[in-house]
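Colleague: Provided below are the primary sequence and the corresponding predicted coordinates.
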Amino acid sequence: IVTEIIAIAAKIGLHVMAVTSDMGSGNRAMWKAFGIESTRKELRNKIPHPLVPDKNLYFLADVPHLYKNIKASLVNSNIFTVPAAIESTFSLTSPTVSYEPVRELAEFQSSDLKLAPKLTAELLSPSHFKKMKVGNARHVLSHDVSAALHYLVDNGKQDEATRTTAWFIETMNKWFQLMTSRHPLLALSKMNESKFIEAMDFLKMVLQLFHGLSIGNGAWKPIQAGVRLTTTSMMEMAEELLSSGLKFFLTARESQDCLENLFSVVR
């Protein structure tokens, strides 16, 4: 079906460069049918284009869906253990990322300063339908929450180990911004070479982080497969598109948003 859609698109002048989907079991089976792999040992994020053999067809997980799943995994009491190389590079105070400091922040805010106004206790145990909202994930994995956790540590309300959770949340917030850019200021672009190199170095660090990350019992998790596959595809697509003469790459164009908007209209 996917190959047929690509062929029909080509007949009306559209060159399909990437296939974006959520990480439901059917879509992961589709990846497997195309030979796409994202494991701790192997990463294959593209295949030769079925219609243009000298081009690639890239595969990505939908970033907003992925972001919701990262937030859900953290909130569901999973402990994330950062790889030693990352811990050393950033001089982290602990290898452990936990949702517990975030829960304590929400409790602190219920009777004191609203350091992160959009974070509520309800977001940490959402209903089924609220889990589906990307905005709720953005309120948990946000710069405000990261800064608030640092504030609580600075004022003796939480211990130093909390800074690793704050660092992880800030890292995920920056990753999401780069992966869903809608404006040239945040887009991947070579117009400012140093800024482009900085962004690509950051994304390489995220790849390293999720490759070595241990979540819960340490088994390889779908969110790790999704982040590695999607980040790699986005970086390679950026290089290909920017080398072809484009001035900037709005990564939000690779999301499933247009499809989700159609679904909402139908509903």
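Modeller: Yep, it's here.
Colleague: how about P184, what does it touch?
Modeller: Shown in contact with P184 (Cβ atoms under 8 Å, 6 or more residues apart in numbering): 247-248, 250. Heads up, the C-betas are built off the backbone N, CA and C, glycines and all.
Colleague: Which of those fall within strands?
Modeller: Among those, the ones falling in strands (DSSP state E) are F248.
Colleague: Closest to D112 out of the contacts of P184?
Modeller: Closest approach between those and D112, by Cβ to Cβ: L250, at 39.9 Å.
Colleague: For K118, which non-adjacent residue is closest in space?
Modeller: Take K118 and drop its neighbours on the chain: the residue closest to it by Cβ to Cβ, 6 or more residues apart in numbering is H139, 4.1 Å away.
Colleague: Please, which helix or strand holds that neighbour?
Modeller: Using DSSP states H and E, H139 sits in helix 134-140.
Colleague: who touches that helix?
Modeller: Residues outside helix 134-140 that contact it (Cβ under 8 Å, 6+ apart): 64, 67-68, 70-72, 74-75, 102, 116, 118-120, 123-124, 126, 130, 145, 169, 173, 176.
Colleague: For it, output the C-alpha coordinates as CSV.
Modeller: C-alpha atoms of helix 134-140 as CSV (Å, rounded to 0.1, in the frame of the first residue of the first chain):
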residue,chain,number,x,y,z
VAL,A,134,0.8,16.6,23.1
GLY,A,135,0.4,19.9,25.1
ASN,A,136,0.3,17.8,28.3
ALA,A,137,3.7,16.2,27.5
ARG,A,138,5.1,19.7,26.7
HIS,A,139,4.0,20.9,30.2
VAL,A,140,6.0,18.1,31.9
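Colleague: in it, what counts as buried?
Modeller: Judged by neighbour count using 16 or more other Cβ atoms under 10 Å, the buried positions of helix 134-140 are 134, 136-140.
Colleague: ok, which stretches of the stretch 151-267 of the chain are helices?
Modeller: Secondary structure of the stretch 151-267 of the chain (DSSP state H, counting those that start in this stretch): helices located at 162-179, 193-212, 222-243, 257-266.
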